[in-house]
Each structure stands twice: as structure tokens, then as C-alpha cells.
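Engineer: Next come a sequence and a model predicted from it.
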Amino acid sequence: MANCPFCGESANFHAAATDIEYFTTPERFEFWHCKACDILFISPMLADRLDVIYPSNYYAFQEVGRKSFPLRVKEWIDRRTLRRVLRGIQGSTLRVLDVGGGTGWLAGIARAADLRVTETWIVDLDDKAKSSAEAHGHCFFHGRIEDFDDHGKFDLILMLNLVEHLPRPDLILARAAQMLSPNGRIVIKTPNFRSLDALVFRHRSWGGYHCPRHFVLFSRESLTRTLRDAGLAVDGFSYTQGAPFWCVSIMNQMRLAGWISISAARSYADHPLLPFLQIAAAGFDFARRPFSRLSQMVVIARRDDSAADGDRRHTTV
Ligand SMILES: [Zn+2]
């Protein structure tokens, strides 16, 4: 039995999974589905063992050296998206906050995408990222977003592949809504557990579980509802390719079959098969994108000052 972290109701068993990516623990974890909230959540949730489940070779901690072709394509897409979002925000100068932004590569893209961006902030738990972020001209707060106070309003808040790592993403989104300027936008990217790969690999440690690092997973409906409850209104929604989830899921099956060797010492990222699989998976997802729910969602949201609880919340702002 497990109770939903959002509503407290008892949830239904969905699947079991282990850490098939970094092998940080041999433990078996369970994912549970709350019917009322339509979210998946992990049990147990190792919020007090982050130092164990995020090893030093965790991909987000790595400095990007020579950029691979898929990464360059991804950066091009990010730059195009950010330019479009920034164009829709009024103001002669803009402040950008990237939550979980590491060394600031995305904040750097935002700054390059619009000359009005004069200030970029990174909030991250990784203190090793601080010197690099500051060397690139970003302000850096080492700690949790919950403790990031009194830094004024932001015109653009980025939360890419972040909320699913938190025990209570609903509370963080409400906090982000308070930090947003009246015309500001927030960009959220998070997995969608109602996708083809999530279905195929449901009982095979689907890559999107990113077990045990993803605590809460959404569907389009539950993400939209959670944003609304946080005082945010959806401005734009799109599905995007989930190549990383396909790759990890498929390569894990190959590992179990004894075809390839993946271990704590030799990660997926180091395997020569990965770039080819990435291109194939991304191509497959892009081809079916017009008529399928892909395993990553990108939402652009703004403050919803018309909502009743939103009004109450923002009277103190
Ligand atoms: Zn619930």
C-alpha cells in the first residue's frame, strides 16, 4: 500500500523497477498510480539519500566537452524555443532563472537568444557547478528552490527535467508562480507516462522511470491540472521526442540478454551504440509526433491572475 503524495488517497500498484542506469542501489522500487490525481509516484521516495542516488558521474553534473550531433540538434531546438518564448514577454530588460540549471548552459542559450536578458540565475544542488556558472556570468544559488528567497521577480523561469525529481512538484510550481513577473513565462519539461515506450517497458524498468531518481510522473491531464492548482495557466503545450527513454529501455534489454555490457563503470553514455540508437529513436518519435503522445512534454505557462485562489495568493505580491 502507498498513499498519494498529492491527495493522500491510497494508490494502485503500477510497476516495479530498479536502477538500471547508474546501479546506485540494488533495491527494488515500486511505482504507484493515484487514480484521482493521475500521477505515478515512486515508493520508497529516497529524498534523504540524494547523495547516493545521484552519483558523481550523473549526466547532469558533467561538463559538456565536444558536442555530439544529437546534442547540437537539441541545443538548436532549445534556442529556437527560448527565442520564441522570450519574444512574447514584454519589458526592456529581462531576468531569467533556471532551476536545476547546473553550469548554466541553458541560461547561456537564453541570454544569447534575446539581448534584453541582462540577468541569469541558476539554482542548483550541485555546488561543483557554481564556479563554472559564475565564470560564464551567471548568478548562482547553491541549494534547494524552496530556500531561494527574496531574489525578486523573474520574467522567465526554466524547469526542464526538474519537477519529476521532486517529492512535491505541486508545491514547487506554486512557489515558481509566486516568483514570476506579471507578464512572465515558465517553461516546464517533464516525462509523460502515458506514452508508447512507457507502455511497452512498463514492467521492464522503463527509462522514463529513471528509477529511483524520478519521484513523480505526470500525464498531460495531471500536469495541466497541477499547474492550474499552482496558479498557472497553460499558454502552450507540445510533446517532444523521448529518445533517451527509448535508448535506456532498449539497451537495458540488450544488457539483460547479454548482448552488451553496461555497468556502474561503463554507462550508456559511453557505449558506441548510443548515438545511432538516439538518432533512430528521435526520428521514430518525430515521425509519429503529429498523432501520438510522446514521452516528454513541454509546457509554457503564465500566471493565472483570474483564478480565485490565484487572486488571493497574488494580493501579497
Ligand atoms: Zn492523488
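Structural biologist: Arrived safely, thanks for sending. Residues are numbered from 1 along each chain as shown.

Engineer: contacts, neighbours, all on C-alpha from now
Structural biologist: Noted.

Engineer: Could you check how many residues crowd around whichever residue of the stretch 201-317 of the chain sits closest to the ion?
Structural biologist: Using C-alpha to the ion, the closest approach of the stretch 201-317 of the chain to the ion is made by Ser222 at 9.9 Å. Applying the criterion other C-alpha atoms under 10 Å, we find 16 residues in the vicinity of Ser222.

Engineer: Helix, strand or coil: sort out it for me.
Structural biologist: Three-state assignment for Ser222 (DSSP: H, G, I helix; E, B strand; the rest coil): helix.

Engineer: can you map out the helices along this protein?
Structural biologist: 50-53, 69-87, 105-113, 130-135, 169-179, 196-200, 220-229, 243-256, 274-288, 308-314 (DSSP state H).

Engineer: would JSON lines of those with mean pLDDT be doable?
Structural biologist: Shown next, in JSON lines, are these (pLDDT from 0 to 100):
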{"stretch": "helix 50-53", "mean pLDDT": "89"}
{"stretch": "helix 69-87", "mean pLDDT": "80"}
{"stretch": "helix 105-113", "mean pLDDT": "92"}
{"stretch": "helix 130-135", "mean pLDDT": "95"}
{"stretch": "helix 169-179", "mean pLDDT": "95"}
{"stretch": "helix 196-200", "mean pLDDT": "98"}
{"stretch": "helix 220-229", "mean pLDDT": "97"}
{"stretch": "helix 243-256", "mean pLDDT": "97"}
{"stretch": "helix 274-288", "mean pLDDT": "94"}
{"stretch": "helix 308-314", "mean pLDDT": "46"}
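
Engineer: Reformat these as JSON lines; add distance to Gly207.
Structural biologist: Formatted as JSON lines, these follow (distance: least, C-alpha to C-alpha, whole Å):
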{"stretch": "helix 50-53", "distance to Gly207": "15"}
{"stretch": "helix 69-87", "distance to Gly207": "18"}
{"stretch": "helix 105-113", "distance to Gly207": "23"}
{"stretch": "helix 130-135", "distance to Gly207": "29"}
{"stretch": "helix 169-179", "distance to Gly207": "20"}
{"stretch": "helix 196-200", "distance to Gly207": "8"}
{"stretch": "helix 220-229", "distance to Gly207": "18"}
{"stretch": "helix 243-256", "distance to Gly207": "4"}
{"stretch": "helix 274-288", "distance to Gly207": "13"}
{"stretch": "helix 308-314", "distance to Gly207": "36"}
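
Engineer: What are the phi and psi values at the residue nearest to Gln253 when sequence neighbours are not counted?
Structural biologist: Once flanking residues are discounted, Gln253 sits nearest to Arg204: 8.0 Å by C-alpha to C-alpha, 6 or more residues apart in numbering. When quoted as degrees, to the nearest 10, the phi and psi of Arg204 stand at phi -130, psi 40.

Engineer: Arg204 contacts Ser249, correct?
Structural biologist: Yes. Using C-alpha atoms under 8 Å, Arg204 is in contact with Ser249, at 7.5 Å.

Engineer: Show me which of those two is the more surrounded one.
Structural biologist: Per other C-alpha under 10 Å, whichever of Arg204 and Ser249 has more neighbours is Ser249, with 26 against 18.

Engineer: quick one: contacts for that one?
Structural biologist: Applying C-alpha atoms under 8 Å, 6 or more residues apart in numbering, we find Ser249 in contact with Phe201, Arg204, Ser205, Trp206, Gly207.

Engineer: contact partners of stretch 72-88?
Structural biologist: Contacts to stretch 72-88, defined as C-alpha under 8 Å, 6+ apart, come from residues Ile109, Ala110, Ala113, Asp114, Leu156, Arg185, Ile300.

Engineer: follow-up on the earlier one: which of the contacts of Ser249 are buried, as a ChimeraX select command?
Structural biologist: Command for ChimeraX that selects the buried part of those, burial taken from 16 or more other C-alpha atoms under 10 Å:
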select :201,204,205,206,207
